[in-house]
Every structure is written in structure tokens, then in C-alpha cells.
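J.: need coordinates for the below:
(one chain, ligands or ions: 1)
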Amino acid sequence: MSSINETHDLSLQSWVESANDRNVDFPIQNLPFGRYRPAGSDEGFKVGVAIGDMILDLQGTGLADSPSMNALMALDVEKRLQLRRAISRGLALNSSQQKTWSKLLTPQCEAEMAVPCRIGDYTDFYTGIHHATSVGKLFRPDQPLMPNYKWVPIGYHGRASSIHVSGHAFRRPQGQTKAPDATEPAFGPSRRLDYELELGYFVGQGNQLGQPVPIANAEDHLFGVTLLNDWSARDIQAWEYQPLGPFLSKNFATTISPWIVTMEALAPFRAPLVRPNGDPRPLPYLDSEANRNAGVLDITLEVLIQTQRMATAGIAPERLTIGNAAAAAYWTAAQLIAHHTVNGCNLLSGDLLGSGTLSGPAPNEAGSLLELTEGGKKSIELTNGEQRTFLEDGDTLILRGWCERPGAARIGLGEARGTVLA
Ligand code: CA
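T.: Just a heads-up that it's a prediction; the model follows:
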């Protein structure tokens, strides 16, 4: 597990002035990685580091020898720490690198971002226990939480090809749905299109086929975190999900934020894994003292909506919910790595694990419309008078995340934004 060092020092400032504002997502204590190129160009994407409102060309600094993010992600923990220290020193106020590195900056507003790495495989978990319970109540009132939930980190294999970076738009999916009182399914556009507020955990170093990752080493295989929106067509999901789980209700689009905030940057924002009294202790392969003491990430998560009418009228996005990942997740990222590999399954650098919907314990902390509207029964009224039960064409959904603690610099995850088209 990463420890706190001089790169987290609250007093550290950068010669990139925009990084020194206390409210920015990307101060010098953050240093997330993404892939970018000048907007409108057809150049290859390069690995960059976000600093304030700028991007530093990492290969230009000589600190990376290839334009491949996946190669960087495969570095061992010691090399990753060295790289973070070198970037931090070079961007720090009074650094001797300022003269050469200042020529390597691109304003973020002039850059086009890509999905941050080549994602080979994507697995979506279901670690949000409040989400699992509320959704379970809607689908199975007599047994909301399945008996395996508190023993097994539940997941399914998702689809990597339809993962897009923030800022994209996609068409409302169509498919088979069946109303509860209908005798046969109907075909057409989904009428219960929803979002899911999740974190995405990126795998750093992979593991060999047949060699499980012990929980003690699991975080060595984690590279960092993005925001993830697992768009979900609830009407398609309800008809198709048994017996093998979600399929076409999920694989038409997933949106992630462009910047991977590293596990090193998140070191000051760890929290203990708290289980309610009487819950089973995880089996030994999913349990460690370090994971119990600090396995959880303390990240504030916010969801906003901007409808087509709001955008046209110049009305800013409106908050739907705000909550914290620490209060929502029953399983930690380390437990997901240990569980995913326990049967010998090999993870590769750049693989993505979704946390599952991170709904907090309170109803207004829910991470999906399915929960906020109680399955579409209760509509949400927006400030401009519009009503929503599920997403409508032209709606833009925005996820934001940040970490704040006394004694530490605030760092942010940026945003994951996507728009529904007709
Ligand atoms: Ca999900």
C-alpha cells in the first residue's frame, strides 16, 4: 500500500501557476496520467500528466521512453514511485527543469483526450451494498440481497470496445423488453435508460496465468482510478438478466474520465473497511490487516445532469446526488484483484475493474435513477421545472470526484461526461 512522502506535502507549489489554486483538481500533489493530442490534429496520442489547467508531455521530459500508457502502467511499484518523485521535483517551484519543461506544456482546453490506455478486458463488480440492496428490493422483494453477496465479490465480464472517454455522445439503445403484464416481449428503444456512478480501477502490473495475486500484494497490481459511468437500460436488463447476468443492457456504452489518478496520489485518502456487526469475516484470501485498516478509498462523488433545455438556456448542470465511495463499497479494490485472480485468471496491464454503483446509505446518495426514482415510480423535479424518471434524449450526465482531508492537498478525478442521443 502506498505511503505518504514528500510528493504529498501540502506546502508544495508548482511553477505552473494554475496548479497552486487550492480548489483545482490537478495540483502538484495529484499528477494523474492521461493520453492527449492537440485538438483537431491527427497526431498519435501521447502520455501526459495533468498539472493545473495544463498537460505535461511525459515523453518530452525523458522520464518515459515510449508513448505507450500500458508500458508505463506495467512498471513495478518502486519505478512508479521514482517516476512520481521525478515529475514532482521537475514541476515544483524553483525547479531547474522549468526552462525546458515549460516548452512541453499544452493547455487542457486545447487538447483532445483519448481513453487513457488500451483496455484489454473490463470486469464490472457490484461492491455497492446499498445499491445491491435497493435494486434487489425492486427485482426480488422477498430476497433483496442474495446469500452469496457478503462472501463473494460479485462481478461479470463487461465489454471493453464500447468504453469511451468523457465528452462523447451515444445513441439510445434499442432491444427487447417485456412489460410485467405482457405475454410477449416488444422491440424498440429503451424507455428506462439510466446511469451508474462507479469508480474504475486500472490494473498496473499483470499476473501470470495460474498465479493468483495474494491480497497482501494486490495493491501492487493496481495503477489508479477513474470515474466510470456504466450506462444501463433497465427495461432491457429486467428481461434479459436471468440466468447469466446483464448483456445488451450494459454493453452499448461506458464512459470514463480521461485522467488516471494513481494509487500513489491517493495515499493520503485511505479509510478503514468497516463491516456491520454480525457480518461474516471474509475468507482468508480476501482478508488482511492492511486491507481492514486502510483498504478503502475516501473519495467524494457527485452526479450532475444538464438536459437539452438547460443547455439551450445556458443553465449550468444541476446536482442529482453527492456521496462518498468509502460509505458505499462492501469490497475494496485489493479484494477485487485477489478475488479476480484466485482461480488463476491473469489480469493484464490496462485491464479495467468497475466498482459497481456506489450508492451511499441515504436515499439521496443513490448512484442511479433506478434508486432515486424507486424504479421509475417517483419523478425528480429539476429547478427549471422539468421532470425525470429516466434519462431523455439530449440529457448530459456528469460524474465528478475529489478527495479532501485536513493536512492534505485536495485532489480531483476530473469528470466523466456523456450525452444521450435519440
Ligand atoms: Ca455497473
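J.: domain-wise, how is the protein divided?
T.: Following automatic domain parsing, one finds the domains of the chain at 6-114, 122-421.
J.: packed most tightly, which of those domains would that be?
T.: Highest mean neighbour count among the domains of the chain (mean count of other CB atoms under 10 Å): domain 122-421, with a mean of 19. The C-beta positions use only the backbone N, C-alpha and C, and glycine is treated the same way.
J.: one step back: can you add mean pLDDT and give the domains of the chain back as a markdown table?
T.: Output for the domains of the chain, formatted as a markdown table (pLDDT from 0 to 100):
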| stretch | mean pLDDT |
| --- | --- |
| domain 6-114 | 97 |
| domain 122-421 | 97 |
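J.: right, and those - which one's nearest the ion?
T.: Evaluated over those, closeness to the ion peaks at domain 122-421, with 3.6 Å, by CB to the ion.
J.: rewinding a little: just put the domains of the chain in JSON lines and tack on distance to the ion.
T.: Converted to JSON lines, those look like this (distance: least, CB to the ion, whole Å):
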{"stretch": "domain 6-114", "distance to the ion": "23"}
{"stretch": "domain 122-421", "distance to the ion": "4"}
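J.: just give the closest residue to residue 390, not the sequence neighbours.
T.: In this structure, residue 390 finds its nearest non-sequential neighbour in residue 192, 4.7 Å apart by CB to CB, 6 or more residues apart in numbering.
J.: quick check: phi and psi on residue 152?
T.: phi -120, psi 130 (degrees, to the nearest 10).
J.: can you check residue 370 too?
T.: Per degrees, to the nearest 10, the backbone of residue 370 is at phi -50, psi -40.
J.: wait, doesn't it sit right on residue 237?
T.: No: taking contacts as CB atoms under 8 Å, residue 370 lies outside contact range of residue 237: 9.3 Å.
J.: pull up the overlap in contacts between the two.
T.: Shared contacts of residue 370 and residue 237, defined by CB atoms under 8 Å, 6 or more residues apart in numbering, are absent.
J.: may I have the helix or strand encompassing residue 99 as CSV, with CA atoms only?
T.: Using DSSP states H and E, the element containing residue 99 is helix 98-101. What follows is helix 98-101, C-alpha atoms only, in CSV (Å, rounded to 0.1, in the frame of the first residue of the first chain):
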residue,chain,number,x,y,z
GLN,A,98,11.3,24.8,-15.6
LYS,A,99,13.0,26.3,-18.6
THR,A,100,12.9,23.1,-20.7
TRP,A,101,9.7,21.6,-19.3
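J.: need the contact partners of that helix.
T.: 15, 56, 60-61, 90-91, 95.
J.: then stretch 105-113?
T.: 16, 34-41, 48, 50-51, 53-57, 165-167, 258.
J.: quick one on the thing from earlier: would you turn the contacts of helix 98-101 into JSON lines with secondary structure?
T.: Shown next, in JSON lines, are those (DSSP: H, G, I helix; E, B strand; the rest coil):
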{"residue": "15", "secondary structure": "coil"}
{"residue": "56", "secondary structure": "strand"}
{"residue": "60", "secondary structure": "helix"}
{"residue": "61", "secondary structure": "helix"}
{"residue": "90", "secondary structure": "helix"}
{"residue": "91", "secondary structure": "helix"}
{"residue": "95", "secondary structure": "coil"}
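J.: ok, so of those, who is nearest residue 298?
T.: residue 91 (24.9 Å; CB to CB).
J.: who does the closest residue in space to that closest one that isn't next to it in sequence bridge with?
T.: In this structure, residue 91 finds its nearest non-sequential neighbour in residue 14, 4.8 Å apart by CB to CB, 6+ apart. Taking DSSP bridges as the rule, residue 14 bridges to residue 92.
J.: quick one, what contacts residue 14?
T.: Contacts of residue 14 (CB under 8 Å, 6+ apart): 20, 27-28, 51-52, 91-93.
J.: could you do residue 380 as well?
T.: Contacts of residue 380 by CB under 8 Å, 6+ apart are 320, 369, 372-373, 387-389.
J.: go on, residue 60?
T.: The contact partners of residue 60, by CB under 8 Å, 6+ apart, come to 101, 103-104.
J.: need those in a markdown table (columns: distance to residue 211).
T.: Shown next, in a markdown table, are these (distance: CB to CB, whole Å):
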| residue | distance to residue 211 |
| --- | --- |
| 101 | 40 |
| 103 | 44 |
| 104 | 39 |
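J.: most remote residue from this protein's center?
T.: Most distant residue from the mean C-alpha position of the chain: residue 183, 39.0 Å away (CA atoms, centre = their mean).
J.: any idea whether it is helix, strand or coil?
T.: coil.
J.: each with direction, which strands does the helix or strand hosting residue 417 pair with?
T.: Following DSSP H and E, one finds residue 417 within strand 411-421. Strand 411-421 sits in its sheet next to strand 168-171 (parallel), strand 396-403 (antiparallel), going by DSSP bridges.
J.: and the last one, how far out from the chain's middle?
T.: Think strand 396-403. Mean-position distance between strand 396-403 and its chain equals 9 Å (CA atoms, centre = their mean, to the nearest Å).
J.: again with stretch 19-33
T.: Worked out by CA atoms, centre = their mean, stretch 19-33 lies 18 Å from the chain centre.
J.: please renumber so the chain begins at 13
T.: Noted, 13 is the first residue going forward, which turns the last one into stretch 31-45.
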